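# Structure, please.
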Amino acid sequence: MSMLKTAILNYQTSLKNSIKSSSSTAWVVAIILIPIILFFILLYFENRIASLVMSWFPPSKLQGLAFYKDVVYLVRTELLWAGLFFLLALIIFLYASREALDKFLNVRSRTRALYYMMLIGSAFFLTTVLINGKVLEEFPNSSDEYAYLLQADMFSRGKLWERAHDLPDFFYHINIAQHEGIMVSRFPPGWPLILSGAFEIGLNPAMVNPVLGLVALTIFYFFATRYYGPRVAVWSVVAVGLTGYYLFNAASYFSHISCLLVTVLFVFNVYLYQEKRNFIYGLLAGFFIGFVMIIRYYTAVLIFIPFLVYLFVELRWKVIPLFVWMGIGALPCLSYLLWYNYSITGNSLLPVTVWAYPAEQLGFVKGHTFLQGIEHFFRRTLMFVYWCSPGLLILYVVFLWRKIKSRAQRLLRPEDYAFVMLTIGYFFYYQIGGNQYGPRFMFEGFPFLVVFVVSKVFEKKEKWAMAVLIASISLPIAKLPFIADREALVVDQRQDMYDLVQEQKIKNAIVFVASPTSPVRPMPRGDLTRNDPKFMNDVIYVLELPRINDQIMEYYSDRAVYKYVRDLNEPQGELIKIR
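Numbering: from 1, shown residues only. Alright, predicted model coming up:
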């Protein structure tokens, strides 16, 4: 009887294992096949789908059929990458034990952790320099980057602005204001001030962000080691520093790397003050949040809000000395900002951006609506998935929800809220961010999202979370060559007009910009009017304004005249000689 019972139990166990095994196999097969099937469907119907999507949007002077075909291409390739991510996570979850995963993720000592950090930092720096030179070609790939460089160049010569051109309408540039007879960048002065140091000492400005990116990553590592432990620190640095999101921003001329660096230093010094109660850390915390303010005003406010709540709750009346020290520490940066505003606008409290562009506001202005905010939110989410992985967002949402529900934890570690605060805050900003490498307005919160997720995965030791984390770290590394190849194509297309001028050896000329560049990621005409601040360059680029073109031709009567035109669906345009 007992033998029969044992046999039945063994049969039931075998049956359960068989069902579980077949179910697991079915999931694996489904995740392999579904993305592949959808990929080929989108490939086969690419033209029809692109035409359909194009019909849903109003006609644009920037986007032709080639643009929408590229959107379909991105969707179908992203399906394969997403499928690969979920397949990898599922295989790890099904076939690796929790003990094996924990052993794989373990870092045995602080010494070994520091050794890993050195390897990761070296890989990051070399990769960033390679991306900067070979992929982005040291090209300021957005109007923001070009404006920063122009501003930094002026600062290095002791100037805050240059005289506007006598015919300013021809020289309109998206982020360079020509107002009341002067030409000035619309952005805060913090990042150009740092960047101007490269002009001062003769360093290639393209190298500034890679260096700052390495410094920021190193300081972030020491912060995470001190307050989360070496294992969390190592894996957080891997998950941050080897993603396209971090690498490409560090290879660009954007302000986000410098802003992240001082943000991490602010957070670090707040914790050091709490730990040691030394006023020096209060002064430093104030200085660094003040520096965030002069790099990106709005980001500084959004980052500071969770700390304001946390410090009031944690320290109560003892927070007053800290805020006093922080106020004193922030004073040099804020004084510089007020002086900068006054020197240009005549009003210390009137930022240059608002002075030059009075419609610049937060909220539902300039055509921005609640529905457009929703659209921007989804687009930024998709950008995060493309440049990082879906897994980090999944883990962040799950663990943040658990944190909020826990009365004991919800107010601890305010940096955990940095990413969500930036997401909510920029919901009310009308701009999506232009050309960017991931959702750049959220960039300063990204490392804190990662360290929060990694620490929770190690704390909870849930097998599914470990599997998702490993897949989330692996995917961006595997995807990097694909992203780099695509961005190289975009940069090459966007430089088409300048390449034609160089190839044809055109000298002493003006070029009317009549078309945007790049069918894949259009670069508008207002971003192509890139000239020397004193308009002394050999080839001057101006907007085509058909009714008054003769004015600029007469102004530069001694120069040859060309016009750049390009079919919206073709990557290469042509230069037509007018005179």
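# what mean pLDDT does stretch 249-260 have?
The average pLDDT within stretch 249-260 is 96.
# Please export the C-alpha coordinates of that stretch as CSV.
What follows is stretch 249-260, C-alpha atoms only, in CSV (Å, rounded to 0.1, in the frame of the first residue of the first chain):
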residue,chain,number,x,y,z
ASN,A,249,25.1,62.4,-23.1
ALA,A,250,28.7,62.3,-21.8
ALA,A,251,30.0,62.4,-25.4
SER,A,252,27.8,65.4,-26.3
TYR,A,253,27.9,69.1,-25.4
PHE,A,254,24.7,69.0,-23.4
SER,A,255,24.6,70.5,-19.9
HIS,A,256,23.3,67.4,-18.2
ILE,A,257,26.6,65.8,-17.2
SER,A,258,27.8,68.9,-15.4
CYS,A,259,24.4,69.2,-13.8
LEU,A,260,24.4,65.6,-12.6
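# what comes into contact with that stretch?
124, 128-129, 131-132, 135-136, 140-142, 144-146, 148-149, 187, 190-191, 194-195, 205-206, 209-210, 212-213, 216, 292, 295-296, 299, 436-438, 440, 443-444, 446-447 (CB atoms under 8 Å, 6 or more residues apart in numbering). Just so you know, the C-beta spots here come from the backbone N, C-alpha and C atoms, and that holds for glycine as well.
# how does it look with 7 Å?
128, 131-132, 136, 140-141, 144-145, 148-149, 191, 194, 209-210, 212-213, 216, 292, 295-296, 299, 437, 440, 443-444, 447 (CB atoms under 7 Å, 6 or more residues apart in numbering).
# Return the distance of the most centrally placed residue in the chain relative to Ala82.
The residue lying closest to the centre of the chain (CA atoms, centre = their mean) is Arg440, at 2.8 Å. Distance from Arg440 to Ala82, counting by CB to CB, to the nearest Å: 22 Å.
# now swap in Trp355 and tell me
45 Å.
# How about Ile174?
For Ile174, the distance to Ala82 - CB to CB - is 33 Å.
# cool, Ser252 as well?
Distance, Ser252 to Ala82, by CB to CB: 26 Å.
# Between these two, point out the one with more neighbours.
Set Ser252 next to Ala82 and count neighbours by other CB atoms under 10 Å: Ser252 wins out with 30 against 17.
# Walking through this protein, point out its strands one by one.
Along the chain, the stretches classed as strands by DSSP state E are 162-163, 176-179, 182-185, 509-513, 539-543, 560-565, 574-577.
# For the last one, which residues meet the burial criterion?
Spelled out, it's strand 574-577. Residues 574-575 are the ones in strand 574-577 that count as buried (16 or more other CB atoms under 10 Å).
# Give me the nearest residue to Asn278, chain neighbours excluded.
Leu272 (7.5 Å; CB to CB, 6 or more residues apart in numbering).
# how far away is the one you found from Tyr556?
In terms of CB to CB, Leu272 sits 58 Å off from Tyr556.
# re the thing from before, for the residue nearest to the centre of the chain, what are its contacts?
Residues near Arg440 by CB under 7 Å, 6+ apart: 249, 254, 256, 433.
# if we go to 6 Å?
With contact taken as CB atoms under 6 Å, 6 or more residues apart in numbering, Arg440 is in contact with 256, 433.
# ok, it to Leu382 distance?
14 Å.
# same deal with Ala147?
Distance from Ala147 to Leu382, by CB to CB: 27 Å.
# ok, those two, which is more surrounded?
Ala147 (23 against 15).
# Show me the domain layout of this protein.
Using automatic domain parsing, the domains assigned to the chain come out as 2-95, 110-491, 495-577.
# Fine by me, we can end here.
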